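[1] What follows is a predicted structure for the sequence shown.
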Amino acid sequence: MRALVLKEFGHLVVEERPDPTPGHGEVQLAIVATGICGSDIHGFTGKNGRRVAGQIMGHESVGRIVALGEGTETSGLRIGQVATFNPLILPEEDLKTFAGREQHSPNKRVIGVAADIVSAFAQQVLVPMRNIVPLPDSMPIAYGALIEPIAVAIHAVNRAGVRTGDGVLVIGGGPIGQSIVLAALRAGAAAVLVSEVDPERRSLCERLGARTIDPRVAPLAEQVRAALGRLADVALDAVGLTSTVNDALVSTTFGGTVCLVGMGNQRLDLDAFRVSTEERTLVGSFSYSVQEFLDAAEWVARAPKELGELITREVGLEGAHEAFAGLARMDGTPGKVLVRLDK
């Protein structure tokens, strides 16, 4: 099989690797497409310290089952079936303890992050049977690669407590912000307002059903009031800088909630009085539970038409390095780039 290898930071190469063989309880997937995540870009550049040279990354994926290991006979899975996988792998002993909050397990391993796991920028991957999520043949197969980022968004919206009728502010209109728009509307938000500097991303978010503003035009809180007629009930920051978190705080109503999703900076300088004296809730969001991943898969399986807006382009393995390099230098790509491994 062919695989995209992080030879060194800033340099990806296509290499031949042996085809894997599924062990007990494992499923072998032939990967069709894998999305380039923001964390993959940080891994490519070496920024986040969570990837290493020699690694095969990739965790936003869809493929077809090509082999089933021993112990999978009662799974109901079948050869040729379209499927995605939940990248969070928990040891057996943690399944009960962390049921419903699997992302909190300190012993979890993540496909695409763990350096010793050949992950989904390879043409063949092995996944534990319980992590496989079958998908219908009726949906466009590339949509399966959107399930993981949409699960991230669903979890963030759940953490923020978005309710029917809420006015929601999303800061950052990149791929995660775009997924949050869809998840917030799915949760019943009356209006979703996206703050984004890039006009192409603003246009994409508008096609998803959001209203948009440019934070450079005027103070964000003023623009939120003008657009919604009030401050936002909930803000989700998909950027994660000191400036964006503080913008989120001043742009939400007293008693409102700000959810930190983006990880632009490891340390932030907060206007603490906006949290304490105005009784805002500041929550973090990372990853998702098993149920939230299944909820994302169920929604994507319906193939809502707006999902196609999330995919800006597809590239083959040979074009993957340039796609990574372009995204790393912020080349203006508004949405998701998928790497096709079936061509």
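    Nice, thanks for sending it over.

[2] For the stretch 201-343 of the chain, which segments count as helices?
    220-228, 242-250, 272-276, 290-301, 307-310, 320-328 (DSSP state H, counting those that start in this stretch).

[3] Could you list the low-pLDDT ranges of this protein?
    When the per-residue scores of the chain are filtered using pLDDT under 70, no range remains.

[4] coming back round to it: residue 129: which of the helices of the stretch 201-343 of the chain is closest?
    In this view, the helices of the stretch 201-343 of the chain are compared for proximity to residue 129 by Cβ to Cβ, and helix 290-301 is the closest at 13.6 Å. Every residue, glycine included, has its C-beta placed from N, CA and C.

[5] What helices and strands are in contact with the closest one?
    strand 132-134, helix 147-160 (3 or more Cβ pairs under 8 Å, 6 or more residues apart in numbering; DSSP states H and E).

[6] Show me the domain layout of the protein.
    2-140+303-340, 152-284 (automatic domain parsing).

[7] winner for burial among the ones you listed?
    Each of the domains of the chain was given a mean neighbour count from mean count of other Cβ atoms under 10 Å, and the largest, a mean of 20, is that of domain 152-284.

[8] From the chain's centroid, how far away is that domain?
    Domain 152-284 has its average C-alpha position 17 Å from the chain's average C-alpha position, going by Cα atoms, centre = their mean, to the nearest Å.

[9] Same list as before, the helices and strands packed on helix 290-301 that is, but in TSV and with distance to residue 231 included.
    Conversion of the helices and strands packed on helix 290-301 to TSV gives the following (distance: least, Cβ to Cβ, whole Å):
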stretch	distance to residue 231
strand 132-134	38
helix 147-160	15
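
[10] among the ones you listed, which is nearest residue 73?
    Using Cβ to Cβ, the nearest of the helices and strands packed on helix 290-301 to residue 73 is strand 132-134, at 14.0 Å.

[11] and for that closest one, what are the contacting residues?
    Applying Cβ atoms under 8 Å, 6 or more residues apart in numbering, the external contacts of strand 132-134 come out as 27, 29, 65, 75-77, 81-86, 147, 293-294, 297.

[12] Now do that strand: distance to the chain's middle.
    Strand 132-134 has its C-alpha centroid displaced from the chain centroid by 17 Å (Cα atoms, centre = their mean).

[13] list the contacts for residue 58?
    With Cβ under 8 Å, 6+ apart as the criterion, the residues that contact residue 58 are 4, 31, 34, 40, 111-112, 119-122, 339.

[14] if we go to 10 Å?
    Contacts for residue 58 (Cβ atoms under 10 Å, 6 or more residues apart in numbering) come out as 3-4, 31, 34-37, 40, 87, 111-112, 117-122, 125, 145, 320, 339, 341.

[15] And for residue 261?
    Under the criterion of Cβ under 10 Å, 6+ apart, the contact list for residue 261 reads 152-153, 155-157, 159-160, 170-172, 176-177, 179-180, 236-240, 283-286.

[16] With residue 149 as the reference, measure out to it.
    The gap separating residue 261 from residue 149 is 11 Å, by Cβ to Cβ, to the nearest Å.

[17] picking that back up, can you tell me which of the contacts of residue 58 end up in strands?
    Secondary structure defined by DSSP state E assigns 3-4, 31, 34-35, 125, 339 of the contacts of residue 58 to strands.

[18] And the furthest pair within these?
    3 and 35 (16.3 Å).

[19] What's the separation between residue 186 and residue 114?
    In this view, residue 186 and residue 114 are 31 Å apart by Cβ to Cβ.

[20] Could you do residue 93 as well?
    For residue 93 relative to residue 114 (Cβ to Cβ), the value is 18 Å.

[21] With residue 277 instead?
    In this structure, residue 277 and residue 114 are 43 Å apart, going by Cβ to Cβ.

[22] hang on, the earlier thing: return the closest of the contacts of strand 132-134 with respect to residue 332.
    So of those, ranked by how close each gets to residue 332 (Cβ to Cβ), first place is residue 147, at 25.7 Å.
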